[in-house]
Structures are given as C-alpha cells and as structure tokens.
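1. below are the sequence and a predicted model for it; my questions follow.
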Amino acid sequence: MDSKRRDFLKIAGLSAIAGIAVPSAFSSLLKGEAVASEHGAEAAGAAVGAHGAAAPAGKRLGMVIDVKKFTANPGLAEKCVSICHAIHNVPDFGNKKDEIKWVWVDSFEHVFPDDSSHYKQDDALESMPFLTLCNHCDNPPCVRACPTQATFKTKDGVIAMDYHRCIGCRFCMAACPYGARSFNWRDPRGKDENGRPFIKEINPKFPTRMRGVVEKCNFCVERLTIGQIPACVEVASASKALVFGDLNDPASEISQLLKTTFTIQRKPSAGTHPSLFYII
Amino acid sequence: MYGKGRIIPALILFLGVMTSPIWYNSGEVSKLPKPEKPKDYKECVAPTQFMRTSHMVLLNQWRDNILREDGARTGRTANGTEYVRSLQNGCLKCHSDRKKFCDTCHTYASVKPYCWDCHLQPKEAM
C-alpha cells in the first residue's frame, strides 16, 4: 500500500510538471521566433532610413513675411490685422490686459528679442512694422501642453483649435514662446460700460468664442478648404508682402523664395521649427 | 377607530396636497413640443427619426471629422442635394429660426446645449 501511494505521487508530480512546462515552453519558443523576426524587419527599416532624414511627407503650410514691403506700404500691416479680426469675430476689449489678437503689429525688439540685444544695429529696424501671428510650428509646444487635445496640428501643418474642447487652463499660452494665444477674460459678445459692443460687426459666417477659452490664428482653414488664401495674404497680395504656400513642396513659390532669399525666424533656438519666415 | 372623524379627513387632505403637482399639470404633460419645420425644404441630411434622437451626435461627428480628420465640408442627402456639414452654415440655412425649431424641444426636455454661446443664428438680434 505504501509503495503504491509513493508511485502514484511520483507519477502525479511528473505529469503536473509536464503539463505546465511543455505548453509554456512551446509558447515561449513560438513567441521568441516572432520577436526575432520583428527585430529583423526593424533593423532592415533602420538601415534603409539611415542614409539621411526621410523626406517630409504631407503638406506643411507656411508664410514668408517681407517686412521691407510692409515698410514701403505704410498702413498695409494694420489693414491685414483689421480684415483678419473682422472676418473671425475677434473682439476688441479696449484695453491691453484683455487684448485678443490673432495677428498683430509689433516692434523689432519684441518680435526678435534674441536679435535685438546689441546696441549697434540698423536704426531703420526701430520704425519697421513687424506683422506677426501664430508661427504654426512644426514642433508645437502648445499642442504638447494642452491637456484636452483642444489644440492640435492638422494634416496641412496648421495648428488648429477646437473651442468646444478648450477648458481655459491656459497651459498653451504659457507654452507658446511667441505670445500668439489670447484668453477671453470677458464675454466677447458683451458690451463695455459705454454700450459699445466688443465685436463691432459680427460676421455671420464664422462663430464667435465664449468667455473662458483661448483663441488664436487658424491660418484661415475655413477659407483654405473652399480654395481661398488666408485673408491677410489676400490683402497683401498686390504688393506681395506675404507669400503663403506649402513648405514641403520644393516647386512652390514659397520654397523657391526661401531658397533664394535670406530669411530669419522668431526664436529658432526654442526648437519649435516655426513655419513663418521674415525678410528684413 | 379612535379619532376617526379627524384622521380620515386629514388623510384625504394630505393625499390631495401631496399629489397636487400631478393634478396641476395634468393637461399639459401630454402636450408634445411641435418644432416648426422649414417650409421650403422637404428633406433633411438623415431620416427624421435619426435626427430626432442623434442630431447632437451627428454634429460632433461632423466637427471632429472636418477639423481633425480633414473630412469633407459638404455632404449629399439621399436625394442628392448638397449641404454644408456645419451647424451655423448648414443646419441653420433651412432651420433658420432657432426659437421655433431648436428651443421648442430643448425647453421641453430641459436640456441646455451651449451651441449658442459661440455659434450665431442668421437673424440674431445682437
């Protein structure tokens, strides 16, 4: 009886070990094979790509701002601002603290703080109107900062916003090195104490915003989809002060211009890869 | 039963007071909202029953598809009429009076959508 129980326990133990070990050994062997083959494919892909950065795919819309031409046409920059703000229902709260701006005119030292620290520079820079707007960065810090993905990069490289999703945390404003984002501290549809509406004349084709959301330039995506160019570019088209196009298309007008002309970008050291270029 | 003369009338009075809201609204509860449909247009972008239950889902889908997935800005109805996939420039083209269309059901169902915080109606008195 004793020896029989001993035999039984031995057989039971062995079959338990076999039952656990054999399937797991099989599955780990099969998995090992799969992993090994994946590594092989990856290595092959890396080898192909190693011969230089892959050509950028898709569109990347950008703009060249010719400040010389804006200087030659006084008032043109202001016209670009006013048409943009009119068609996008951008409110004017009448004070600097609450100001909302999609596109604005600023001085050289504010637009290019990195380049304006030396005192021996061209005096003409002081009086030039620097039109500036969202840079629609290729590596946008605002998109990374947004906790709700209310702001995002579209296929065309435009940094767009979904105002429905904005919770007004203003992380994107802190993240943007260019001050291109504004917060609606007040109701944009309201009136000031003198009864002046903040939006002078509402464009019924475009929504307004509400209190508590961040807003910014959208590169006129609503116009681009119906085959028009951005409103500011259209206003400046007579003098060619603004050139708009696809930076990834080597044949586009903007690519050709960038190839032949010296341009500067705002704060390139920030690593945001702005899509706006300035001719000064 | 002790105190029968006072307890029974008091019970009846109590029940009457407790159920008074039901009596008070008895006629109105069955009145369903009648949104005014546009006269010049016969066909919507989707069947009426779907629009009734899921128009808000459709609007969200349009928004996400157009903004994030580079979707088309226009669509076609079953009969081939082209429409703009947009609340402000599409829906409100036919349903031009928000008060007579949107608000009738929204008030009845006591829902307060935030569409009008940003989107504009065609003839809004601003």
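-> Thanks, I have it.
2. ok now do the residue of the stretch 1-150 of chain A found nearest chain B, which residues does it touch?
-> Scanning the stretch 1-150 of chain A for the residue nearest chain B gives A:N89, at 8.4 Å (criterion: Cβ to the nearest Cβ). C-betas here are computed from N, CA, C, even on glycine. A:N89 makes contacts with A:188, A:199, A:202-203, A:206-209, as judged by Cβ atoms under 8 Å, 6 or more residues apart in numbering or on different chains.
3. again, 10 Å this time
-> A:188-189, A:198-209, A:215, B:118, B:120 (Cβ atoms under 10 Å, 6 or more residues apart in numbering or on different chains).
4. next: A:S182.
-> A:90-91, A:93, A:98-102, A:104, A:170, A:173, A:209, A:213-216.
5. ok, A:H136 next?
-> A:H136 neighbours (Cβ under 10 Å, 6+ apart): A:60-63, A:153-154, A:156-160, A:180, A:216-219, A:247, A:272-276.
6. try it again at 8 Å.
-> By Cβ under 8 Å, 6+ apart, the contact set of A:H136 is A:61-62, A:157-159, A:217, A:219, A:274-276.
7. read off the pLDDT value for the closest residue to it other than its chain neighbours.
-> The shortest distance from A:H136 to any non-neighbouring residue, by Cβ to Cβ, 6 or more residues apart in numbering or on different chains, is to A:S275 (4.5 Å). For A:S275, the model assigns a pLDDT of 96.
8. before we move on, the earlier item: give me the element the residue of the stretch 1-150 of chain A closest to chain B is part of.
-> Under the assignment given by DSSP states H and E, A:N89 is not contained in any helix or strand.
9. what about the closest residue to it other than its chain neighbours, how many neighbours?
-> Counting by Cβ to Cβ, 6+ apart, A:N89 lies nearest to A:T208, which is 4.5 Å off, once chain neighbours are set aside. For A:T208, the neighbour count with other Cβ atoms under 10 Å in any protein chain shown is 23.
10. one more: the one 3 residues further on?
-> Around A:R211 there are 14 other residues, counting by other Cβ under 10 Å.
11. correct me, but it touches A:W185?
-> Yes - if you go by Cβ atoms under 8 Å, A:R211 and A:W185 touch, sitting 7.5 Å apart.
12. so who does the spatially most central residue of chain B touch?
-> In chain B, the centroid-proximal residue (Cα atoms, centre = their mean) is B:C105; its distance is 2.9 Å. Shown in contact with B:C105 (Cβ under 8 Å, 6+ apart): B:33, B:35.
13. return the residues of chain B in contact with chain A.
-> Counting by Cβ under 8 Å from any Cβ of the partner chain, the residues of chain B close to chain A are B:63-64, B:67-68, B:70, B:73, B:88-89, B:114, B:117-120, B:122, B:126.
14. buried among the residues you listed? Need that as a selection in PyMOL.
-> In PyMOL, this line selects whichever of the residues of chain B next to chain A come out buried by 16 or more other Cβ atoms under 10 Å in any protein chain shown:
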select buried, chain B and resi 63+67+88+89+117+118+119+120
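15. not counting its neighbours along the chain, what's nearest A:D156?
-> Per Cβ to Cβ, 6+ apart, closest to A:D156 is A:K59, 4.4 Å.
16. surely A:G94 meets A:D192?
-> Yes - the pair A:G94 and A:D192 passes the contact test of Cβ under 8 Å, sitting 6.0 Å apart.
17. where's A:T225 relative to A:E234, distance?
-> Here the criterion is Cβ to Cβ, to the nearest Å. By it, A:T225 lies 15 Å from A:E234.
18. with A:M161 instead?
-> Taken as Cβ to Cβ, the span from A:M161 to A:E234 is 22 Å.
19. who's more crowded, those two?
-> The neighbour count for A:M161 versus A:E234, taken as other Cβ under 10 Å, is higher for A:M161 (23 against 16).
20. ok, the nearest residue to the more buried one once chain neighbours are set aside - contacts?
-> Among residues not flanking A:M161 along the chain, A:T151 sits closest, at 4.9 Å (Cβ to Cβ, 6+ apart). Counting by Cβ under 8 Å, 6+ apart, A:T151 makes contact with A:140, A:142-143, A:159-162, A:166, A:172, A:214, A:216.
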